[in-house]
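Engineer: sequence and predicted structure below; questions after.
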Amino acid sequence: MKKISIVFITLIAVILLPLQAFACACCAEPGTYFIRTSKPEDFVLEILSGIKFDDAAYLYMTEAGFDGIKGLDGIAKDYDSNDWTASPEFFSLTNGFASKTWKFNFKTKTGKIGTLVLPMPLQMLQFKADIHDGKTGGGGGPLLYKEWRFKGNVQTGNGFFASGIVKPTTYFLVLQGRGNGCDNVEDFTHWRLEINGKRADYAYFGELSSGSSYDEDDNQ
């Protein structure tokens, strides 16, 4: 009976070893700092296709208000309206990612529409780091802060964006989140989009409804 027990325990250990190794394949190590520029791989495209943007979008503002923004003349007068003042999420957003291209459709509370079409660049930047805040996440190890960054040229801007889009106008899209050493749709919880050019200088930000924020004590 003793020999049978030893064999059984050994068998369980052999079975669990690959599972443990698989679980730790995503473990992050203390002090992790990773930054790389590369061509978007297939798994990146798969994740991007699964990411969903929340339907509320926010225009980034400083203390200068609309005086610090260029290229949105079509909605400048709306800035002082009751619709804007009473509703921080003055813009609603629908978004799609297909054929390596983002299409952002913005609509104001007053019914004005603007569309930005953004082809994915040939290179992207992936960044992840241990920010030493004591949080841990799935897979073990520190909960990393992550960014995927994309910088390219705006293909078209229509509606209230049209007056500010002249070639070349660039965009800078950042997806932000937290997670372990592996990347998943759920890791990315927030986004920021900057538009810059001769006639444009503004940024939007918001949340990703497909993301799932880690709790402070999440050790899964």
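Structural biologist: Great, that's in hand.

Engineer: which residues of the protein fall in strands?
Structural biologist: Chain-ordered strands for the chain, with DSSP state E as the definition, fall at 33-38, 53-59, 91-98, 101-108, 113-119, 124-130, 144-153, 156-159, 170-179, 188-196, 201-208.

Engineer: so where is this structure shaky, pLDDT-wise?
Structural biologist: Scanning the chain for pLDDT under 70 picks out 1-23, 138-139, 214-220.

Engineer: from Pro40, how far off is the residue most central in space within it?
Structural biologist: Computing the C-alpha centroid of the chain and ranking residues by CA atoms, centre = their mean puts Leu175 first, at 2.0 Å. Distance of Leu175 to Pro40, given as CB to CB, to the nearest Å: 12 Å. (Each C-beta comes from the backbone N, C-alpha and C, glycine too.)

Engineer: contact partners for Gly74?
Structural biologist: Applying CB atoms under 8 Å, 6 or more residues apart in numbering to Gly74 gives the contacts Lys112, Gly114, Gly159, Phe160, Ala162, Ser163.

Engineer: surely Met120 touches Thr101?
Structural biologist: Yes - using CB atoms under 8 Å, Met120 is in contact with Thr101, at 6.5 Å.

Engineer: and the two? which has more neighbours close in?
Structural biologist: Neighbour count, other CB atoms under 10 Å: between Met120 and Thr101, Met120 has more, with 18 against 13.

Engineer: with adjacent residues omitted, what lies nearest to the more buried one?
Structural biologist: Spatial nearest neighbour of Met120, chain neighbours left out: Lys100 (4.2 Å); criterion: CB to CB, 6 or more residues apart in numbering.

Engineer: from memory the one you found sits against Leu122, does it?
Structural biologist: No - Lys100 lies out of contact with Leu122 (CB under 8 Å); the separation is 9.8 Å.

Engineer: so the residue nearest to the centre of the chain bridges to which residues?
Structural biologist: Trp148, Trp191 (DSSP bridges).

Engineer: what sits against it?
Structural biologist: Going by CB under 8 Å, 6+ apart, Leu175 touches Ile51, Glu147, Trp148, Arg149, Phe188, His190, Trp191, Leu208.

Engineer: and the fourth one, what does it touch?
Structural biologist: Which is Arg149. Per CB under 8 Å, 6+ apart, neighbours of Arg149: Met124, Leu125, Gln126, Phe127, Phe172, Leu173, Val174, Leu175.

Engineer: please, a ChimeraX command that selects the buried ones among the residues you listed?
Structural biologist: For the buried members of those, the matching ChimeraX selection, counting by 16 or more other CB atoms under 10 Å, is:
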select :124,126,127,173,174,175
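
Engineer: any chance of the contacts of Arg149 in CSV, with distance to Asn196 too?
Structural biologist: CSV is the format used below for the contacts of Arg149 (distance: CB to CB, whole Å):
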residue, distance to Asn196
Met124, 18
Leu125, 17
Gln126, 22
Phe127, 20
Phe172, 7
Leu173, 12
Val174, 14
Leu175, 18
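
Engineer: sweet, I'm off.
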